[in-house]
Every structure is written in structure tokens, then in C-alpha cells.
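K.L.:
For reference, the sequence and a predicted model appear below.
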Amino acid sequence: MTTSFASLGLAEPILRALTAEKYETPTPIQAQAIPSLLAGKDLLGIAQTGTGKTAAFAIPILQHLSANRAHPVPKSPRALILAPTRELAIQIEEAFRAYGRFLGLRAAVVVGGVGYGEQIKSLHRGVDILVATPGRLMDHMQSGHVRFDRVTHLVLDEADRMLDMGFVRDVRKIVAALPKRRQSMFFSATMPPEVAKLASEMLYQPARVEVTPKVITVDRIRQSVHFVHQSEKRTHLVKLLDDAALARVIVFTRTKHAANRVAETLERAKIPADAIHGNKSQNARQRALDRFRTGRARVLVATDIAARGIDVDGVTHVVNYELPNVPETYVHRIGRTARAGAEGAAISLCDGSERAYLRDIERLTKRTIEVVGGQPAPLKERSQPERSQGPRPQGQQPKPGQPNRHGPAKHWHRRRFDRHAA
Ligand code: AMP
């Protein structure tokens, strides 16, 4: 029997909000985590975006805070959620607002890249739930605009990324300033030793929940490939988009340059599209994301790094305008569609130089991707492994200014772009 939200013991206003969100059944991480969290236990969640982890922690926090009603005290949140990026923090706050819409609790988000004024105002007014990126939160903490003596709930989301981005010192300082008696939740997609160490410092006898969405998600995605010549990819993409079934589409490119060119092509074809990548300002990225989420832009063109952590409901199709040279990236990309039970499709445009990438992807996913157009170019064996990303044997480091050249010239160009990608 599948678990229902009602059987998890959630309060009526939360159940009503979940119905409004059209959530019918809890995802595996929700079914496993919510009961332990409602019982007040700490949690170690090994899960990535797309598993429903946000609701898994947000719902129990909302339920606890609404059960222990207290008037918001200026500068003193009761729940603190730390996230590595501005986009993720904004998404988390939106999730709290959605699930808590009938509860009358106050939430705010505090992130870098925007002015301080509004954030200080809402902190002073008092919030129940504060979602923040560590750097900006430290600023507010040091200038006395926020204090942590009333915090009863702490969440550290995407902890592995937090470490990658160099936030670990800030995180440790913030956690050290929190009351010892609190409920803590720690989420990470991966658990290398450093991350495990941070988790063990923060958590007390945690419940452990691990979900691996990869296989499940990929199985539900209709995958197809079109063999096209490099020079025909742009017209081919426009043609694909003639089909209205491609209603909400993320197009992936390997480079920022390609992302811009594709977005320009689509605009010329009168298809509303935006590009997001590392060269765009935070504001431009947020605007693009909002336009996509609200349906004003039908297509979002993104590089892999810019797309990390971005989560939009109802993506009908992922188009791999360029295939990734790391096969795991393909799995991450196509996981943007078919979220939480929905159906989705992934269409790849593969040119002659990408045949080997396609083969690597098929090996990893252990399935043959259906060919729906074009003729495959013969597969050229590569003289060097393309994917070698680890350190090179001694004595093979290229000299500064000397091209890092492996294999055919075409691939060398791609590598150079890759290094500049988002
Ligand atoms: P997350 O992993 O928290 O980023 O959530 C992934 C997506 O799944 C979000 O867009 C949620 O709105 C959606 N979602 C979360 N839980 C459920 C559920 N139980 N039923 C349907 N959709 C859900």
C-alpha cells in the first residue's frame, strides 16, 4: 500500500496546501523522512534535487512551528535553512510559502547579489522561517541584524556543494552560534569524508534516509536521438519546436557561447527563449528563470553548471543540443524532466564528432537510445580517452600558454570551450 500524506499525520491546513499543489502521494524521501522529523529526530538525507527533499524537510518544520505558535520576534528566526546558491534559496522559500500558505507563518530569504535594505527590514519585522546563503547571512549576523537564540530548526541543504563552494567556514561559524537544543537536518547528494565529518558535527543520533532517483527517473523518460550535421543543428532545433507538445523545454549546451547563439536563433524564430550561464548577472539569471517558470519563455537554454540546482516543475522536454562529454552529465540533464511522477522526454542532437559521447552514455545507462532521425556517422575510435579529468601523469602537464591538446583538432576546440563553460 502506498503511503498517503494524511497517514503521515499532517495537519489539515498543510494537507489542504498539498492538495492545492496537486501532490497526491509522498515521494520516497518524504514517506521516509517526515515521520522521523515529526517525531523530532535529526536527519541525514542523502538525496539530490528532484527527489522531493525540500518538502521532506519543509513540511515537518511548518507543522512544528504552527503547533508552537509564537509571535515573530524581531531579528530572531525560529527555523534557519542554509543553501549554497541564491537560486536554490529562493526556491526553498517559495516551497515554504506554498506548503505553509494556510498557516500564517512568516518566511524571508536572505541572499547575496541584491541590496541589504529590504532584507534588514524583514529581519527587523521578525520572521519565523529564514532561508539564506551563508555569506550574506554572516554579514547580517556580524552587523547585528539577525540573532539565533530562538532557532529550534536548522537545515543544511546541498551540503556537498556548500563545501565545494568554500562555504564550510561560514557554515561552521553559523552553526556554532545556534542553540545546542534544536532539530537539525542535513542533506547532501554525495557523502565524501569531509561532508560526513560536517554532518557528524551537526547532527545528534540522526535518522538516515537515502534515495537514488537516477535509475527511476531515467526509466520514465522517453529518450531519442537525431543524427544531424553540426551546421544543421540550429535549424533542426527550430523545426523540433514546431511541435507544440514541446511546451516547456530546457536546451542544454556545453558552452556559454553556444547557449547565447542558440537563444538568439530561437528569438529570431519568434520562440520566446532565454539563456542562463555563468557570464550573466544574478539578476539576469533570476529574471530568465522567472520567465521560464511562469511560462512567459517557452525555452530555457542553459549550460550544465548554470543549471545545477535549478528546479522547475512541468519541464516536458530536455533537448541536448550538444551531448555532454561526461556521460553522468547526461543523466543529470535529462532528470530535469519527469519530476516526481510526471512523464518527460529527452531529445539529443548528435553530430559526427559526438558519436563517441553517445556510445559512452548508452554504456552508462545500459540502454540503446532510439534513433528517430538522420544517419549515424561512422564511429571514430579516439586515440586518447576524452573523459580523463583526473590528474595527468607527471611530465605530461602542458606548459603555460601551450594548448592542452589531445586527439583531433575538433575535440581540442571543444575542450577549450569546456574550460570556459559557465
Ligand atoms: P525537490 O527535490 O525538493 O527539489 O522537488 C522536486 C520537485 O518535485 C519540485 O518541483 C516539487 O514541487 C515536486 N514535488 C515534491 N514533492 C512532490 C509530491 N509528493 N508530489 C508531486 N510533486 C512533488
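P.N.:
Yep, that arrived.
K.L.:
wait, residue 333 sits on residue 318?
P.N.:
Yes - look at residue 333 against residue 318 with Cβ atoms under 8 Å: they come within range, at 5.7 Å. Any C-beta I mention is one placed from the backbone N, CA and C, and that applies to glycine too.
K.L.:
Could you give the separation between the terminal residues of stretch 311-323?
P.N.:
End-to-end span of stretch 311-323 (Cα to Cα, to the nearest Å): 21 Å.
K.L.:
can you pull the buried residues of it?
P.N.:
Using 16 or more other Cβ atoms under 10 Å as the test for burial, stretch 311-323 gives 311-312, 315-323.
K.L.:
per-residue confidence for the residue nearest to residue 132 when sequence neighbours are not counted?
P.N.:
Distances taken as Cβ to Cβ, 6 or more residues apart in numbering place residue 110 nearest to residue 132, at 4.2 Å, with adjacent residues excluded. Residue 110 is assigned 97 on the pLDDT scale.
K.L.:
pretty sure residue 110 is touching residue 119, no?
P.N.:
Yes - using Cβ under 8 Å, residue 110 makes contact with residue 119 at a distance of 4.9 Å.
K.L.:
Neighbour count: these two, which is higher?
P.N.:
residue 110 (25 against 22; other Cβ atoms under 10 Å).
K.L.:
Which of the three states applies to residue 131?
P.N.:
Using DSSP: H, G, I helix; E, B strand; the rest coil, the structure places residue 131 in strand.
K.L.:
what residues does stretch 251-269 touch?
P.N.:
With contact meaning Cβ atoms under 8 Å, 6 or more residues apart in numbering, stretch 251-269 is reached by 234, 237-238, 241, 272-279, 299-304, 306-307, 318-322, 324-325, 333, 414, 417-418, 420-422.
K.L.:
before we move on, the earlier item: any common contacting residues for residue 333 and residue 318?
P.N.:
Common contacts of residue 333 and residue 318 (Cβ under 8 Å, 6+ apart): 250, 252, 346.
K.L.:
just to revisit the earlier point, between residue 110 and residue 119, which contacts overlap?
P.N.:
Taking Cβ under 8 Å, 6+ apart as the contact rule, residue 110 and residue 119 both touch 136, 140.
K.L.:
For the protein, which segments count as strands?
P.N.:
Taking DSSP state E as the test, the strands found in the chain are 43-46, 79-82, 107-110, 129-132, 153-156, 183-188, 207-210, 221-227, 249-253, 273-276, 299-303, 317-320, 344-350, 370-373.
K.L.:
I'd like those written out as TSV, with distance to the ligand added.
P.N.:
Shown next, in TSV, are the strands of the chain (distance: least, Cβ to the nearest ligand atom, whole Å):
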stretch	distance to the ligand
strand 43-46	10
strand 79-82	12
strand 107-110	16
strand 129-132	13
strand 153-156	12
strand 183-188	9
strand 207-210	13
strand 221-227	15
strand 249-253	14
strand 273-276	17
strand 299-303	15
strand 317-320	15
strand 344-350	12
strand 370-373	27
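K.L.:
I'd like those strands written out as CSV, with distance to residue 36 added.
P.N.:
CSV is the format used below for the strands of the chain (distance: least, Cβ to Cβ, whole Å):
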stretch, distance to residue 36
strand 43-46, 6
strand 79-82, 17
strand 107-110, 23
strand 129-132, 20
strand 153-156, 14
strand 183-188, 10
strand 207-210, 4
strand 221-227, 31
strand 249-253, 34
strand 273-276, 36
strand 299-303, 35
strand 317-320, 33
strand 344-350, 30
strand 370-373, 42
